[in-house]
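**Student:** my questions are about this predicted structure, shown below with the sequence.
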Amino acid sequence: MTFILETKKLKRTGYLPAFLGAGIISCAFPVVNMLARSETFTSLPGNPFEILMDANWQMMAMLNILITICGACIMYHTEYADNGALKMDTLPVKPIRLFFCKFLITAEILAAIILFQIIVLTGCAVYWFPDSAFDFLTILKTAGFEWLVSLPTVTLMLLISSMCKNMWISLGAGVILVFTFSIFPQDNFVLRLLPFSAPYQTLSMADENVHIQLFCMVCVLQTAVLYLGETLYVKARRYLA
């Protein structure tokens, strides 16, 4: 019931059109890239799908992160408008339940966008590399991996947004984190595991260093810790408000 109510809140906020628009733009990027300079990629040796992932995923992942930031800000802007969050505290609804529903909505939409992105990349690989064989199980694993490593970023951004009544503060914080982590050296394994940095990693990059399981475990642990942080914040806000 809470999930349905949270979904209804987003109908007039532009949340879904924003995610849809960002998904279309990110999916168009590899297509335009191949149309403009397909010879550059078709001449490279190796797995065609991995070639396209390496060439396009950094930009696609950044678009995913940016729309996640905007989505989290929109979600909590509706909560704090007209003191809605304080009014919700008086109702028999646990605030952490609201956070979980927001997380679930964002995770589901992000999963759909990533799956569609992987389908487009696969289509580009099939079209421009017609003589190559493709392991579709690996392609599905790639989609699942990219979704999983994005969850800490989703959780952290929702946590930041829940703490900021002013949407522009949380939006600014998210943008600062995006560009801060983007300038960190990607060859540092610890930095690659952090939120706002992990979504840039691909399955092939993790597989080269035999870190796939470690990446997945750390991202699940980070998501759980950040969710616990939101739980503690909600309890502290209830007592201090």
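**Tutor:** Received it, and whenever you're ready, just let me know what you need.

**Student:** give me the nearest residue to the residue nearest the centre of the chain, chain neighbours excluded.
**Tutor:** For the chain, the residue nearest the mean C-alpha position is S150 (4.3 Å; CA atoms, centre = their mean). Nearest residue to S150, sequence neighbours excluded (CB to CB, 6 or more residues apart in numbering): P199, at 4.6 Å. Every residue, glycine included, has its C-beta placed from N, CA and C.

**Student:** in this structure that neighbour contacts L151, no?
**Tutor:** No - using CB atoms under 8 Å, P199 is not in contact with L151, being 9.4 Å away.

**Student:** just name the shakiest helix or strand of the protein by mean pLDDT.
**Tutor:** When each helix and strand of the chain is scored by mean pLDDT, DSSP states H and E, helix 84-89 comes last, with a mean of 57.

**Student:** what's the spacing between whatever helix or strand comes next after that one and its chain's center?
**Tutor:** On the C-terminal side of helix 84-89, the closest following helix or strand by DSSP states H and E is helix 95-128. Mean C-alpha position of helix 95-128 versus that of the full chain (CA atoms, centre = their mean, to the nearest Å) differs by 8 Å.

**Student:** helices or strands next to helix 95-128 in the packing?
**Tutor:** Counting contacts by 3 or more CB pairs under 8 Å, 6 or more residues apart in numbering; DSSP states H and E, helix 95-128 packs against helix 2-9, helix 15-42, helix 48-80, helix 84-89, helix 136-148, helix 151-163, helix 212-240.

**Student:** do you know the pLDDT at A206?
**Tutor:** At A206, the pLDDT value in this model is 75.

**Student:** secondary structure class for the residue sitting furthest away from the middle of the chain?
**Tutor:** Here the chain reaches farthest from its C-alpha mean at D131, the gap being 32.9 Å by CA atoms, centre = their mean. Secondary structure assignment for D131 (DSSP: H, G, I helix; E, B strand; the rest coil): coil.

**Student:** what backbone torsions are found at it?
**Tutor:** When quoted as degrees, to the nearest 10, the phi and psi of D131 stand at phi -90, psi 0.

**Student:** picking that back up, more neighbours, P199 and L151?
**Tutor:** P199 (28 against 24; other CB atoms under 10 Å).

**Student:** and for V225, the neighbour number?
**Tutor:** Neighbour tally, V225, other CB under 10 Å: 12.

**Student:** how near is the residue nearest to S150 to M217?
**Tutor:** 17 Å (CB to CB, to the nearest Å).

**Student:** pLDDT weak spots in this structure?
**Tutor:** Low-confidence segments of the chain (pLDDT under 70): 1-2, 82-93, 186, 207-210, 238-241.

**Student:** mind listing what Q117 touches?
**Tutor:** G23, S26, C27, M60 (CB atoms under 8 Å, 6 or more residues apart in numbering).

**Student:** now these in TSV, with neighbour count and distance to K235?
**Tutor:** Shown next, in TSV, are those (neighbours: other CB atoms under 10 Å; distance: CB to CB, whole Å):
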residue	neighbour count	distance to K235
G23	22	36
S26	24	37
C27	21	41
M60	25	37
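
**Student:** between those residues, which sits nearest K8?
**Tutor:** The nearest member of these to K8, counting by CB to CB, is G23 at 21.6 Å.

**Student:** okay, the contacts of Q117 in CSV with distance to L194 next?
**Tutor:** Converted to CSV, those look like this (distance: CB to CB, whole Å):
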residue, distance to L194
G23, 25
S26, 22
C27, 26
M60, 19
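
**Student:** of these, closest to Y80?
**Tutor:** Taking the contacts of Q117 together and measuring to Y80 by CB to CB, the closest member is G23, at 26.7 Å.

**Student:** could I get the contacting residues of that closest one?
**Tutor:** I67, A112, I113, F116, Q117.
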